[in-house]
Structure formats: C-alpha cells, structure tokens
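# Sequence and predicted structure below; questions after.
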Amino acid sequence: MKALISFFIILLVSCTNQKQIECPTMTFDISQKTTLNPEDIECKFIALETTDKCLIRTIIDIHFYDNKIFVVDGLKNGKVFIFDDQGKFITQIGSFGNGPGEYIQPYRMHIDEKNNQITIADTRLNKLIHYRLDNYKYISDQKAFNFSNCAWLSDGNILWFDAVGFDTGKRENYFIQITNKELNTIAYYGETKEMPHYGIGEQAFYQFNGNMYISFPYSPVVYQVIEKGIQPRFKLDFGIQKMPSYDFFLDLFSKGSSGPEIMLKSDYINSFNIFETNSYIAANYYSKNFECYFGFYNKDTKEYNALSNKDLAKIMELPNTRHICKTIKDYFIMQLDAKDMLNKHSTHNELNKILKDTNEESNPIICMFKFK
C-alpha cells in the first residue's frame, strides 16, 4: 500500500454535498462471529518466476490480459514486469530512470487494447509513459501534474486524484480532476474545505461493470463517478471499530510532527479499500499499526462477514494473508510472500506443492480466491 504520511488539507466529503441523497450502509463488525468456513472458499495460486531480471517485493498494481500477467512492483525504485499465465517471466516494460520511456515510481497501469497501447503512470516524475501493447516498445511520454493516483474511465478519459487537491486558479481546490487523453481538463469534482488532517493510507479507486467508484481518506462514503459529478453509493460502518472524529484530528494537529505516529498507534480505522465482483463486495480496512481486517458482503444473501487477517488465513488454510490488490472475474487477488509462507505452516495442499520449489528469496505468489 502506498503510504502518505503528511499534513494536508482534506475534505470529509459527505452526503450533504449531494443534496442529502440517502445512501445505504454496509456494516462490517469484527465482534460478530463469521459464518465462513474453509469449504466456502476456492483458491488458486501462481508462483511468479524468480530471476535476477525480475525481482519483486510488493505488487502494487496487476493486470491479466492475453494470457499474460502484468505486474507493477512497488519497490522504492519500482519496475514493470510481464509473466505468462503460469508465472514464467517474459520481459520488463521500460526501465528505471528519468529519461524518455523511463520511470522512477511506477504506480498505475492501463491497457488499451483498441489503440494497441499500454500506459504507466509515474507519481514521482508526474508523467504518463506510453508503450506499444504488441511489442512493448516505447512510444512517448506525457508530462502531467502533481497527482497521488489515477484511473482510466470507460470513455477513455482519465480520473486523477491528489491528496492536497487540484487548484483551479479561481480560489477553488478539488480532489478529483477529469481530463481527456491530451490531459486537458474536463471537470473538477469533490471540492475541498480547509480541515487539517493527516493522510495515512490511500483513497480507494475501483471499477466494476464499467463504472468508477472512489472514496476519500477518513470518510466512510463510497461514491460513484457520474457524468456530472459524484454521488454516494453506500457508506461503511465498522461496528465496534470506529473512524476518527474531527475533534481527534484537531488534537493531532496541535501535536505537530508526532501526530502521524499517534494516529498509527490509535485504535481508529485509518483507511480502507473496496473491491467488487459479481457476487461480493470486499473491504480491506486498517487499524492500529496498519493491522489489516477484511469485510465481505454477499450480494445474493445480503450476508456480512468481518474477519481479522489471522482469521481469514485460518479459513483459507494459509499461514498468513495480505491485503486484496485487485479482482479478476469472480476472484479476489492478493500477494503471498514466499518467506512468510515458508516460515509458517500451511495446510493448503495446492500451496504446499508450490512451496516445495520455493525459497525465502523467491518472488511473491499470487493467490486468487473466490467464494463458492
């Protein structure tokens, strides 16, 4: 997860900004006993080949296309790799550096099959780098602006998010900017207000059925991006666990540089990310020292389950789990660290077969899981 630990001015976007539109509440309460069992979950595993040319620590973005796996490595000096669907290394896209066709901090990837193009967004150099999709040759760079995250909409336009907001030049600041492919501004959404907050974690983007959804740090509301703005889709309630109040942040603000550490050591929910498939909505949410929790909502039965990292690992028969990073069809995707898997006991037969050919220096194992 990309950590942003800094002061910034942020808006707790609320339903009141959308003319009091009511939005349903999804409740994930860790105090409620889960109904999930090992037989309810199907897991698949892909071990990514390890060579000196493709060393990976953290998968920060991943795409499955044309029987290939495209991986953005989240190391400080990240890289972008391609593997086949069995995990065998194929090649690297681009290279590290600050010249044409090079990147320093690749963070997001977009595959445009129609225009035979793959684009990498670099949040350090603030640019988009375009390559051919058929042979991965460099095409061009596009200089952008400061941004924290971005995503491509179904109409080809680009949604940009910035933690401090985009300045319109008219004494207005917005979290979201929509541009066309030429990076010309189309619209701004999510006007900011001056409220001193700490940014820990990241805002959540996710796409489902051609729609884009977004949430903002410390707001429990998930919004859908529509033609003329954003509108609430649902809000989250974490039961016995709570998100921080404005008064809590005012107190942190008065403590200066020690504030982020206090936030991380508190029991408040400090960030969350949402993922959706045809059957489920999943929430990864984080509390004290980024302790990870999972919430799952069954769209068909309307049933909610909330689990700790440890409890989900037990149900999945894994030594440990990490946060969800993507979805593909009905599967949720997470990274499993080889060292972590080897140092603890696994009872999953398919994973144990892979671990026989794995050592502590091996690349991450991709875990794809879904509910039956």
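Thanks, I have it.
# From residue 96, how far out is the residue nearest to residue 64 when sequence neighbours are not counted?
Take residue 64 and drop its neighbours on the chain: the residue closest to it by CB to CB, 6 or more residues apart in numbering is residue 328, 5.1 Å away. For every residue, glycine as well, the C-beta is placed using N, CA and C. Going from residue 328 to residue 96 by CB to CB, to the nearest Å gives 28 Å.
# any idea which helix or strand of this structure has the worst average confidence?
None of the helices or strands of the chain scores lower by mean pLDDT, DSSP states H and E than strand 6-9, at a mean of 30.
# heading toward the C-terminus, what's the first helix or strand past that one?
strand 25-27 (DSSP states H and E).
# for that next one, which positions count as buried?
In terms of neighbour count (16 or more other CB atoms under 10 Å), strand 25-27 has its buried residues at residue 26.
# how about residue 310, secondary structure?
At residue 310 the chain is in helix, as set by DSSP: H, G, I helix; E, B strand; the rest coil.
# pretty sure residue 91 is touching residue 82, no?
Yes. Using CB atoms under 8 Å, residue 91 is in contact with residue 82, at 5.4 Å.
# so where's the stretch 201-350 of the chain uncertain?
For the stretch 201-350 of the chain, the stretches flagged by pLDDT under 70 are 201-203, 256-260.
# Tell me which stretches of it form strands.
For the stretch 201-350 of the chain, the strands defined by DSSP state E, counting those that start in this stretch cover 204-208, 211-215, 221-226, 229-237, 271-276, 280-286, 292-298, 303-308, 324-328, 331-336.
# Please apply the same query to the stretch 1-150 of the chain.
Counting by DSSP E, counting those that start in this stretch, residue ranges of the strands within the stretch 1-150 of the chain are 6-9, 25-27, 41-47, 59-65, 68-73, 80-84, 89-93, 95-96, 102-103, 106-112, 117-122, 127-132, 138-143, 149-152.
# Out of the ones you listed, which gets nearest to residue 176?
Nearest of the strands of the stretch 1-150 of the chain to residue 176, taken as CB to CB: strand 149-152 at 10.2 Å.
# Can you name the next helix or strand after that closest one?
In the C-terminal direction, the helix or strand that comes right after strand 149-152 (DSSP H and E) is strand 158-167.
# Run through the neighbouring helices and strands of that following strand.
strand 6-9, strand 149-152, strand 173-179, strand 211-215 (3 or more CB pairs under 8 Å, 6 or more residues apart in numbering; DSSP states H and E).
# Mind putting the ones you listed into CSV with mean neighbour count and distance to residue 58?
Formatted as CSV, those follow (neighbours: other CB atoms under 10 Å; distance: least, CB to CB, whole Å):
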stretch, mean neighbour count, distance to residue 58
strand 6-9, 15, 20
strand 149-152, 20, 16
strand 173-179, 21, 25
strand 211-215, 20, 22
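# Can you lay out the ones you listed as TSV showing distance to residue 341?
Below are the helices and strands packed on strand 158-167 laid out as TSV (distance: least, CB to CB, whole Å):
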stretch	distance to residue 341
strand 6-9	34
strand 149-152	30
strand 173-179	38
strand 211-215	31
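# Need the strands of the stretch 1-150 of the chain in TSV (columns: distance to residue 357).
Shown next, in TSV, are the strands of the stretch 1-150 of the chain (distance: least, CB to CB, whole Å):
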stretch	distance to residue 357
strand 6-9	42
strand 25-27	41
strand 41-47	7
strand 59-65	20
strand 68-73	18
strand 80-84	16
strand 89-93	15
strand 95-96	29
strand 102-103	31
strand 106-112	28
strand 117-122	30
strand 127-132	32
strand 138-143	35
strand 149-152	36
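# Residue 187 is nearest to which of those strands?
It is, among those and with distance given as CB to CB, strand 149-152, at 14.9 Å.
# If residue 160 is in a bridge, with which residues?
Beta-bridge partners for residue 160, by DSSP bridges, are residue 150, residue 177.
# burial of it, as a residue count?
Close neighbours of residue 160, defined as other CB atoms under 10 Å, add up to 23.
# So it versus residue 60, what's the distance?
17 Å.
# so what's residue 347 closest to, chain neighbours aside?
In this structure, residue 347 finds its nearest non-sequential neighbour in residue 317, 4.5 Å apart by CB to CB, 6+ apart.
# In this structure the one you found contacts residue 38, no?
Yes. Using CB under 8 Å, residue 317 is in contact with residue 38, at 5.7 Å.
# how about residue 210, phi and psi?
Residue 210 has phi and psi values of phi 80, psi 0 when expressed as degrees, to the nearest 10.
# on that earlier part again, which of residue 317 and residue 38 has more neighbours?
Using other CB under 10 Å as the criterion, residue 317 and residue 38 rank with residue 317 on top: 16 against 12.
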